[in-house]
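J.: quick one, structure for this:
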Amino acid sequence: MDYEVIYRSAAVYIFMIIAIRLAGKKELSQLSTTDLVFIILISNSVQNAMVGSNSSLLGGIIAASTLFILNYILKLGMYRSKFFKKAVEGEPILLIDNGLMNMENLESTKITEDELAESIREHGLENYTKVKLAILEVDGNISVISLDNNKLIQTRHKRKKMHKKYAGN
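T.: This next block holds a predicted model:
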């Protein structure tokens, strides 16, 4: 067995988990074309770091098996430990509470008021004053609950980055 491939694959896997975590959960909710290209290029760039000079079929199978096993162990650890899950995934972040925007949390998540307003409108609400709760979930979705008890709206919106140059402005 080629233990070097296992060690290299494990090191790359751990590095990628940490890098994605540091990049922020909001980036993972919906991939843009540039995000997809980035992920493909990253996977290509770390391939040699994982398998080294072993480009055989067995080397690829060992690297892939190592990644599957590490992923299983990571998910098992997150299932068994709330602390570990929080460290890997983070926590939901309150963006609106009873019609009041939490500006500190918007700033820390780098979500603009315009992006939040777009999400609220996509949930069928006119503006943030009609929102009981808006929460940035750990998967990057923004969940919105309406203040109107007669018209309870609980939907989820996949947050996507808005870029003026791509939006036609």
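J.: please count neighbours and contacts with C-alpha atoms only from this point.
T.: OK.
J.: for Glu137, what are phi and psi?
T.: phi -80, psi 170 (degrees, to the nearest 10).
J.: and it, how many residues sit next to it?
T.: Using other CA atoms under 10 Å, Glu137 is surrounded by 19 other residues.
J.: so how far is Thr112 from it?
T.: From Glu137 over to Thr112 the distance is 16 Å, taken as CA to CA, to the nearest Å.
J.: quick check, Ile135 in a strand?
T.: Yes: counting by DSSP: H, G, I helix; E, B strand; the rest coil, Ile135 falls inside a strand.
J.: can you give me the distance of it to Phe83?
T.: Ile135 sits at a distance of 20 Å from Phe83 (criterion: CA to CA).
J.: who has more neighbours, those two?
T.: The neighbour count for Ile135 versus Phe83, taken as other CA under 10 Å, is higher for Ile135 (18 against 11).
J.: contacts only, for the closest residue to the more buried one other than its chain neighbours.
T.: Closest residue to Ile135 apart from its sequence neighbours, by CA to CA, 6 or more residues apart in numbering: Leu94 at 4.6 Å. Contacts for Leu94 (CA atoms under 8 Å, 6 or more residues apart in numbering) come out as 102, 105, 133-136.
J.: now tabulate these in CSV and tack on distance to Ala10 and pLDDT.
T.: Below are these laid out as CSV (distance: CA to CA, whole Å; pLDDT from 0 to 100):
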residue, distance to Ala10, pLDDT
Asn102, 39, 93
Asn105, 34, 92
Leu133, 40, 90
Ala134, 37, 92
Ile135, 33, 92
Leu136, 30, 90
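J.: pick the one among these closest to Glu122.
T.: Ala134 (12.6 Å; CA to CA).
J.: what's around that closest one, how many residues?
T.: Ala134, neighbours per other CA under 10 Å, totals 27.
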